[in-house]
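A.B. asks: Following is a predicted model, sequence given first.
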Amino acid sequence: MYAIDYEDCGTPQPVNGAGAVTVEIDGQAVSVLKGPPSCAPRRSPESRCEAVRHRHPQSVRLLPAVSGGDRGRKGYPASCTTTVAAGMKIRTESQKLLQLRRGMIDLYVSDHPLECASCPADGHCELQDMADKVGITASSYARGAMHRPMATDESNPYFAFDPTLCIVCSRCVRAATRCRAPSRLPSRGAASSRSGGEPGPAVPRIRVRLLRRVHRVLSHRALMEQSIIGLGSAERP
Amino acid sequence: MEFCAIESCGKCTPCRIGSTRGVEVIDRILEGLTASATCGCWKSCGDHGAGIAVRAGRHGAVPVQSALKHFREDFRGR
């Protein structure tokens, strides 16, 4: 779940970018630093195109189109693996993209319990928002194998991690990597796998701080504050 | 497809979930259930290969898509 006041600005631009290039996003020229994935400039504050205000859960996965441009690329390469280059023309909305996004969300929800009404993240879930946007209410696939049918990890006094709700968006891993503490994530073995197995006295505090930071960028309910679960909703009545 | 599902590193969603769903769709085709709907489902599933970063996931669906395209009549009646 993302925080109520959280505004997703996408992948941050690199600090040591290799010079500015101009790309065209939905017909508008935007100047960005060379190097970041093409999903980054869509949300840069200076860009005024409609796509900037367009939320994407899993910005790395939802296939904003990158087509045409000097590089002559065809098709719909994923924005997470395609870096911006001078003259690139990026389209973020089209009929074909809507179709691809629908299919992608269809796959996501086929591996995710659709119990939004009873979920504390109801109304603050990017997956839910995007499913509504593309018109997906149920998966068209027959219910099949699900990933990690494991019990909720409630070992942390402040947060609960439910692996069945995780859609592997990797945002928590990336956020923790930026904090240089991926091993402290509940999904990555936690502190017990570190040397000695017994966390020192400072670890819980660091862990909670880290988890709060990670928690802000998550798009859904997999990692959630236990207090919110106890309240039943992200907003007090 | 089972090979693709096993080989998937799990980083790209179309490959991670799509390969698993692909196996299930093919199983249903082989069982003779809902051929046309299932084939449509498969086409949709295979289309996502465009967004996959690695070749294993991107091309995993191609053989089945080719079979559906060129030998469509073989799937009728199932």
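C.D. replies: Looks like it came in fine.
A.B. asks: what stretches of chain B score poorly on pLDDT?
C.D. replies: Applying pLDDT under 70 to chain B flags residues B:33-58, B:76-78.
A.B. asks: ranges for the strands of it?
C.D. replies: Using DSSP state E, no strands are found in chain B.
A.B. asks: Tell me which helix or strand in chain A has the weakest average pLDDT.
C.D. replies: When the helices and strands of chain A are scored by mean pLDDT, DSSP states H and E, strand A:65-67 comes last with a mean of 39.
A.B. asks: I figured residue A:229 was touching residue A:120, is that so?
C.D. replies: Yes - Residue A:229 lies in contact with residue A:120 (Cβ atoms under 8 Å); the separation is 5.5 Å. Every C-beta, even on glycine, is put in place using the N, C-alpha and C of the backbone.
A.B. asks: helix/strand/coil for residue A:113?
C.D. replies: coil (DSSP: H, G, I helix; E, B strand; the rest coil).
A.B. asks: Dihedrals phi and psi, it?
C.D. replies: Note on residue A:113: its backbone torsions stand at phi -70, psi 130 [degrees, to the nearest 10].
A.B. asks: wait, doesn't it sit right on residue A:164?
C.D. replies: Yes - using Cβ under 8 Å, residue A:113 is in contact with residue A:164, at 6.5 Å.
A.B. asks: Now do the shared contacts for the two.
C.D. replies: Shared contacts of residue A:113 and residue A:164, defined by Cβ atoms under 8 Å, 6 or more residues apart in numbering or on different chains, are absent.
A.B. asks: so which strand or helix has residue A:224?
C.D. replies: Using DSSP states H and E, residue A:224 sits within strand A:223-225.
A.B. asks: partners of that strand in the sheet?
C.D. replies: Within its sheet, strand A:223-225 is paired with strand A:159-161 (antiparallel), according to DSSP bridges.
A.B. asks: Please tell me the pLDDT value assigned to residue A:30.
C.D. replies: Listed pLDDT for residue A:30 reads 74.
A.B. asks: can you tell me the average pLDDT over the strand holding residue A:224?
C.D. replies: Rounded mean pLDDT across strand A:223-225 is 72.
A.B. asks: All set now, cheers.
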